[in-house]
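A.B. asks: Okay, predicted coordinates and the sequence, questions at the end:
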Amino acid sequence: MRTLTLIALTALLAVVVARAGPGRDKAERKPGAAAGRKRVDPDAMTDAEGEEFEKVRDMNLTDEQFEDYEKETEESGGAREKRQDVSIGNGCEVIGTVVHEIMHALGVFHFQSRYDRDSYVSIEMTYVTADRQNNFVKYTSTQTVNYTPYEYGSTMHYSANSFVSQSGAISIWPSDQDYVFTMGNRIVSFYDIKLVNSHYACTCASGATCVNGGERNPKNCAQCLCPMGYGGTTCSTRPAGCGSALTATTAWQTTLIQAGVDSQTLRNDFTLCTSWVSAPAGKTLQFNITGNFTTQCQYGCPFNGLEIKNKADLKAASPRHCCSNTFNKVISSTNNPTPLIAYNRYYITQFQVTYRYV
């Protein structure tokens, strides 16, 4: 079991926010809404405390070093709240799981607990034992605040088969069933980051002009935080790294998109590979996943998958694919270009995709 301080965890989240490539939301707690869980009050942080946070983050202290630092600060008259520990169990170090727990410490509920969840998911308790049904509680609008649209791809969302007692059973059905394998994914979404930035008033009054759903980065307002699939200073370019720029025609063409590294060690973070497919203005792109290599089919697509960014909300995750159930079906998109995003944290995954425009 690993225990990290709230300052260390918040620093980690700050790093995630700065990286921001993979960008679901959640219901956020209003002050006092959940007894026993400590909240951070952004309005209570003084300039001096903000400077201290920056200093401590850059020191990269171990827990023992932080305890010594905290003691010295208190003995020298420094005023600060006590730390809040978050425990990360062995085997749970994947970055999305760590951020999931950080977000709980920052006051965020699970996504499927939002008061508007019934418009987006159906909860099925038939195969969930009574002692586990508390995990599906729905909060009210007086208890929580929704800062973003509903996000199936949030790292705060449970998977479709969470807490079921029978193999093959489902506990959460998405209204848009294209998302059945997306829920429970542990890629940090754009809306995850936006949610925290909104709640803690981390915004920019002016700065970069962002496109493709991007928003100004509170750490550098001259640059944009980009949804997954977009990159560059203003989110106007394909993310750096593997992938290619493809041009569709009226005839089906085939591309092979690959992500991962040649090692059979499970990694704590994802490698991404993004291709863009373009068409003439006003045309609809069509895609079909016709082949795959070393995908692990599982709800949440936690090890690898392919996202074809076909939904209108570019900030949100589009459905992710890692199971044959969603292969060999035509997927349409009016996003031009449409990003194809392969992700992986175990070995190497390949997807064969055909594409054209109509």
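C.D. replies: That came in fine, so what should we check first?

A.B. asks: going forward, measure contacts and count neighbours with C-alpha atoms only.
C.D. replies: OK.

A.B. asks: Test my guess that residue 202 contacts residue 218.
C.D. replies: Yes: applying C-alpha atoms under 8 Å as the test, residue 202 and residue 218 come out as touching, 5.7 Å apart.

A.B. asks: Between these two, which has more neighbouring residues?
C.D. replies: Counting neighbours by other C-alpha atoms under 10 Å for residue 202 and for residue 218 shows that residue 218 has the greater number, 19 against 14.

A.B. asks: That one reaches residue 205, doesn't it?
C.D. replies: No: contact criterion C-alpha under 8 Å: residue 218 and residue 205 do not qualify, at 9.5 Å.

A.B. asks: Find the residues that touch each one of those two.
C.D. replies: Here residue 218 and residue 205 have no joint contacts, going by C-alpha atoms under 8 Å, 6 or more residues apart in numbering.

A.B. asks: quick one: least confident helix or strand in this protein?
C.D. replies: None of the helices or strands of the chain scores lower by mean pLDDT, DSSP states H and E than strand 27-29, at a mean of 38.

A.B. asks: Extract the residue ranges of the chain that are flagged as low pLDDT.
C.D. replies: Residue ranges of the chain with pLDDT under 70: 1-83.

A.B. asks: Show me it divided up by domain.
C.D. replies: Domains of the chain are assigned by automatic domain parsing as 2-193, 245-357.

A.B. asks: closest one to residue 210 among the ones you listed?
C.D. replies: Ranking those by proximity to residue 210 (C-alpha to C-alpha) places domain 245-357 first, at 11.9 Å.

A.B. asks: okay, how far is it across the closest one, tip to tip?
C.D. replies: 15 Å (C-alpha to C-alpha, to the nearest Å).

A.B. asks: Start at 13, not 1
C.D. replies: Let's use 13 as the start, then, which means that last one is domain 257-369.

A.B. asks: Pick the most deeply packed of the domains of the chain.
C.D. replies: Ranked by mean neighbour count under mean count of other C-alpha atoms under 10 Å, the domains of the chain are led by domain 257-369, which reaches a mean of 20.

A.B. asks: Determine how far that domain lies from the middle of the whole chain.
C.D. replies: How far domain 257-369 lies from its chain's middle: 17 Å, per C-alpha atoms, centre = their mean, to the nearest Å.

A.B. asks: now stretch 360-370
C.D. replies: With C-alpha atoms, centre = their mean, you get 23 Å for stretch 360-370.

A.B. asks: next one: stretch 202-209
C.D. replies: Put simply, stretch 202-209 sits 9 Å off its chain's centre (C-alpha atoms, centre = their mean).

A.B. asks: go on, stretch 220-237?
C.D. replies: So, by C-alpha atoms, centre = their mean, the centroid of stretch 220-237 is 18 Å from its chain's centroid.

A.B. asks: List the buried residues of that stretch.
C.D. replies: 220, 222-230, 233-237 (16 or more other C-alpha atoms under 10 Å).

A.B. asks: Pull the most distant pair out of those.
C.D. replies: The distance between the two most remote of those (C-alpha to C-alpha) is 17.7 Å, for 224 and 230.

A.B. asks: Ramachandran angles for residue 336?
C.D. replies: With angles defined as degrees, to the nearest 10, residue 336 sits at phi -60, psi -20.

A.B. asks: how close does residue 229 get to residue 200?
C.D. replies: Distance of residue 229 to residue 200, given as C-alpha to C-alpha: 16 Å.

A.B. asks: I'd like the distance between the closest residue to residue 296 other than its chain neighbours and residue 180.
C.D. replies: Excluding its sequence neighbours, the residue lying closest to residue 296 (C-alpha to C-alpha, 6 or more residues apart in numbering) is residue 346, at 5.0 Å. From residue 346 across to residue 180, the span is 34 Å (C-alpha to C-alpha).

A.B. asks: again, but for residue 130
C.D. replies: Distance from residue 130 to residue 180, by C-alpha to C-alpha: 22 Å.

A.B. asks: Residue 144 now?
C.D. replies: 17 Å.
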